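Engineer: My questions are about this predicted structure, shown below with the sequence.
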Amino acid sequence: MNILLLAHFVTDFDPHGTSRFICLARRLGREHRVELVTSDFDHRAKETRRERDFALPAKVTLLPEPGYPKNICLRRLFSHWLFARRVRAYLKGREKPDAVYCAVPSLSCAYYAARYAEKNRIPFVIDVQDLWPEAFSLAVPGAARFLLRPLVRRAEYIYKSADIIVGVSETYCRRAARCRPDPVPCLPVYLGTDLARFDRWASSPARRDPEKFILAYGGTLGHSYDIPCVLEALALLKGRGISVTLWVLGDGPLRGAFQTRAEELGVEAVFYGRVPYPELCALLRACDVCVNPIVPGAAQSIINKHADYAAAGRPVISTQSSPEYRALLTRYRCGLSCPAGDAAAVAEAISYLMDHPGERRAMGERARQMAEDLFDREKTYEKILDLFSGEGSL
């Protein structure tokens, strides 16, 4: 089968990367003719990537995009618009594939892919990785949110055009499915991780002080992630004579603000910056508890860090409002959910896990079981691969 994979944001072409689309290109390319089309602009590093041997059993096409200096700016809108126009031109000149598998977002790119698939009667599969424009609501003032309405219409056109809906969570699949006039197959497949590879990297010992109680956060330092809530919880504990260290494993536009807040509160927070994924695995395995601080109203559902925390076998303290993730923590009894933004509740959860090491270990074991059941790509991605092979394939 001739399969076109189309994804605007593919950030991890290195052999240690965790990109879903790189994983799919690698596995689908063993049996099919596969092309992965993406941008030559690296969204995470904010720089142009060079053509090279990507060591994949699939063709990789990098289309030019001017890029932008930060996530929220007018230049990003122009950059996305121009990239989408180049996707449209490329599709017109390309041999027609047997199927299009397209990441959503971005919306501009997926919109032209949807129109192309509809015009040429090609099966169109979307993989909903985030909800746009819902994800922008925190960064857009309430009075200006009417500007997002065209994006809502575009997203709903894409959802309505899909023959099959894949999503990184049940929540995202349901959102897309609501736009369909008739039922279509919906496959929630968590982003997950490669557990065998995670364990190999996590087995490398990470340096830590065994006398300290260590929390770890792994991920982006942006508007959706409530690091200040955790820092304030640490300050409350410090006021009670309880010392806790926070490892912040990641980077983002608010790193400087978060570091300043930690200094103001006088708490111990180590900001590592963005670390290679193998090192992240080892550090998560070395901590005592992982934290998942999400601000009130954020659109996130099941995200990368959930898989990494579970794979590390560590309990989670979460402030995420998403019913789907809260239900997983309850079902597996592998973490404590606190109200979003409630530093006092987070402090109590930390104190409880410090005082109950046996329960902490049991929660970690159940978290690992959750990873093996729900987040191991070697097993869970078979649902996606089966779309293109075997009984009931496209």
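Structural biologist: That came through, no problem.
Engineer: which outside residues touch stretch 114-132?
Structural biologist: 20, 88, 91-92, 96-107, 110, 113, 151, 155, 157-159, 161-168, 172-173, 175-176, 191, 299, 387, 394 (C-beta atoms under 8 Å, 6 or more residues apart in numbering). In this view, the C-beta of every residue, glycine as well, is placed from N, C-alpha and C.
Engineer: Quick one: residues contacting R314.
Structural biologist: Counted by C-beta under 8 Å, 6+ apart, R314 has contacts A216, L284, R285, C287, D288, V289, C290, G364, A367.
Engineer: how does it look with 10 Å?
Structural biologist: Contacts for R314 (C-beta atoms under 10 Å, 6 or more residues apart in numbering) come out as 215-216, 284-291, 308, 334-335, 360-361, 363-364, 367-368.
Engineer: cool, T245 as well?
Structural biologist: Each residue near T245 by C-beta under 10 Å, 6+ apart is listed here: 208-209, 212-216, 234, 267-270, 287-288.
Engineer: that older thread, let's see which of the contacts of stretch 114-132 end up in helices.
Structural biologist: In this view, these that belong to helices under DSSP state H are 20, 88, 91-92, 107, 110, 113, 151, 155, 157-159, 161, 172-173, 175-176.
Engineer: mind listing the strands for the stretch 51-200 of the chain?
Structural biologist: 59-63, 99-104, 124-128, 164-167, 186-188 (DSSP state E, counting those that start in this stretch).
Engineer: for the ones you listed, which one sits closest to W201?
Structural biologist: strand 59-63 (24.7 Å; C-beta to C-beta).
Engineer: about what we covered before: of the contacts of R314, buried ones?
Structural biologist: Buried members of the contacts of R314, scored by 16 or more other C-beta atoms under 10 Å, are 215-216, 284-291, 308, 334-335, 360, 363-364, 367-368.
Engineer: taking those one by one, which sit in helices?
Structural biologist: In helices, defined here by DSSP H, the members of the buried ones among the contacts of R314 are L284, R285, A286, D308, R360, M363, G364, A367, R368.
Engineer: what's the most distant pair in those residues?
Structural biologist: Farthest apart among those by C-beta to C-beta are D308 and R360. That separation is 18.1 Å.
Engineer: Just the pLDDT at the nearest residue to G364 once chain neighbours are set aside, thanks.
Structural biologist: Nearest non-adjacent residue to G364, counting by C-beta to C-beta, 6 or more residues apart in numbering: G313, 4.6 Å away. pLDDT, G313: 98.
Engineer: residues contacting G313?
Structural biologist: Applying C-beta under 10 Å, 6+ apart, the residues near G313 are 199, 202, 284-285, 290, 334, 361, 363-371.
Engineer: okay but A257 is in contact with L221, surely?
Structural biologist: Yes: counting by C-beta atoms under 10 Å, L221 is a contact partner of A257 at 8.5 Å.
Engineer: neighbour-wise, which of those two wins?
Structural biologist: Higher neighbour count among A257 and L221: L221, with 22 against 12, using other C-beta atoms under 10 Å.
Engineer: I am finished for the moment; much appreciated.
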